[in-house]
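Asker: just coords:
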């Protein structure tokens, strides 16, 4: 897995983004990358994959698209 940005430091918030719309992903990534206190771990587009990756990546914050489509929907993933 290739990280999205500089290496995380201990004072950075490790964030995982779950989003399936490329334009939204690009916009949010741009906003987050300008914030030195946030380390974007990965962008995941599939709820099933996200459920498996969250325990492995151990993010501090997970941002989930409430309208995420697929086998596991956004609100299902949050639950």
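Answerer: Ah, there it is. All values reported here derive from a predicted model rather than from experimental measurement.

Asker: Need the residues that contact the strand or helix carrying residue 15.
Answerer: Assigned by DSSP states H and E, residue 15 belongs to strand 13-18. The contact list for strand 13-18 (Cβ atoms under 8 Å, 6 or more residues apart in numbering) reads 8, 25, 28-29, 32, 37-45, 47, 50, 53-54, 57-65, 68, 74, 77. In this view, the C-beta of every residue, glycine as well, is placed from N, C-alpha and C.

Asker: Mind checking which of these are buried?
Answerer: Among the contacts of strand 13-18, the ones that count as buried by 16 or more other Cβ atoms under 10 Å are 8, 25, 28-29, 32, 38-45, 47, 50, 53-54, 59, 62, 64-65, 68, 74, 77.

Asker: any chance you could map the helices in this structure?
Answerer: 22-33, 47-57, 74-78 (DSSP state H).

Asker: Give me the distance from the last one to the chain's centre.
Answerer: Right, helix 74-78. The chain centroid and the centroid of helix 74-78 are separated by 13 Å under Cα atoms, centre = their mean, to the nearest Å.

Asker: before we move on, what about the second one?
Answerer: Between the mean C-alpha point of helix 47-57 and the mean C-alpha point of its chain there is a distance of 10 Å (Cα atoms, centre = their mean).

Asker: got it, and stretch 36-55?
Answerer: So, by Cα atoms, centre = their mean, the centroid of stretch 36-55 is 4 Å from its chain's centroid.
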